[in-house]
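> Prediction below, plus the sequence it came from.
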Amino acid sequence: MGHTRLPRYARGKPGVIARVHGSFIFPDTNAHGQGEQPHALYSVRFEAAELWGASAEPRAPVHLDLWERYLGPAAPARSTT
Amino acid sequence: MSGAHDEHGHHHHEPESVLSLRVRALESLLVEKKLVSSEAVDRIVGAYEEDIGPHNGAKVVARAWVDPSYRQRLLADGTTAIEELGFGGVDLRVVENTPGVHNLVVCTLCSCYPHALIGLPPVWYKSFEYRSRAVREPRVVLHEFGVDLPESVEIRIWDSSAELRYLVLPSGPPEPKA
């Protein structure tokens, strides 16, 4: 895998978009001579338990700045009924 | 160093460290190959000695403490708000400590740091240990720094994984009693 700014600990984990930063140069292509390809960058909030499981510290969410191409659709929300 | 800068050597009475010797060897090679000039190196070193440092960030924080409308602008758009005070060249997000939220900044991928506002990072900030533990066990890490927060306080970690840099606006000093 080439250059990326998607930390491994957050890969495949559910998060919530907290803020839209605007358009930023995409390092994954820029670092490989494939152009700047700027696109949307988001601040995404991950709850600690989603990242670390049951051993996570309470109330210690992590925010990451992630490009749109790092994101995928979230799994359907679990029914609360 | 070569040429006009040879006199620097005479001021050293203790043997130089390996790191310092390595830096001097690299610098003299780069200068000899005309990749950089001694003047350019001196300018950069001078900038870090005199212009770049935490006193810049302190000005931003102090202004936010005394000027509520500046504080609002700073939290809404840090990049533009610091330009008002003459600082720029960085995409900045400012996050505020409140009674319910304590912010913690880390760069787990490398060692991104808002140099333009607070100078060079301390060595621990770049350590693998801090970078891995700050996200995983922030309360333990803060405890080791002498900061103990009740569990009701959210510790909000900002992993600066992109080009944005983060600055924490600490709680201001208490209002003086009238």
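Right, received. Where do you want to start?
> wait, is residue B:166 part of a strand?
Yes - using DSSP: H, G, I helix; E, B strand; the rest coil, the assignment for residue B:166 is a strand.
> surely it meets residue B:157?
No - assessed by C-beta atoms under 8 Å, residue B:166 is found out of contact with residue B:157, at 10.1 Å. Glycine gets a C-beta too; all of them are placed from N, C-alpha and C.
> so what sits against both of these two?
Residues touching both residue B:166 and residue B:157 (C-beta atoms under 8 Å, 6 or more residues apart in numbering or on different chains): B:103, B:105.
> Quick check, the residue in chain A closest to chain B?
Chain A approaches chain B most closely through residue A:65 (3.7 Å), counting by C-beta to the nearest C-beta.
> Show me what the strand or helix carrying residue B:26 is packed up against.
Taking DSSP states H and E as the definition, residue B:26 sits inside helix B:18-32. Helix B:18-32 sits against helix B:38-46, with contacts defined as 3 or more C-beta pairs under 8 Å, 6 or more residues apart in numbering or on different chains; DSSP states H and E.
> Look up the pLDDT of residue A:70 for me, please.
As predicted, residue A:70 sits at a pLDDT of 96.
> and the helix or strand bottoming out on mean pLDDT in chain B, what does it pack onto?
Among the helices and strands of chain B, helix B:38-46 carries the lowest confidence by mean pLDDT, DSSP states H and E, at a mean of 86. Where contact means 3+ C-beta pairs under 8 Å, 6+ apart, helix B:38-46 is packed against helix B:18-32.
> For the helix it packs on, buried residues please.
For helix B:18-32, a neighbour-count test (16 or more other C-beta atoms under 10 Å in any protein chain shown) marks B:27, B:31 as buried.
> Helix or strand: which one has the residue nearest to residue B:106 when sequence neighbours are not counted?
Nearest residue to residue B:106 in three dimensions, chain neighbours excluded: residue B:134, at 3.9 Å (C-beta to C-beta, 6 or more residues apart in numbering or on different chains). Using DSSP H and E, residue B:134 sits within helix B:128-136.
> Up against chain A, what does chain B have?
Counting by C-beta under 8 Å from any C-beta of the partner chain, the residues of chain B lying close to chain A are B:91, B:93, B:108-109, B:135-140, B:151-164.
> Mind checking which of the residues you listed are buried?
The neighbour count (16+ other C-beta under 10 Å) marks B:91, B:93, B:108-109, B:135-139, B:153-162, B:164 as buried among these.
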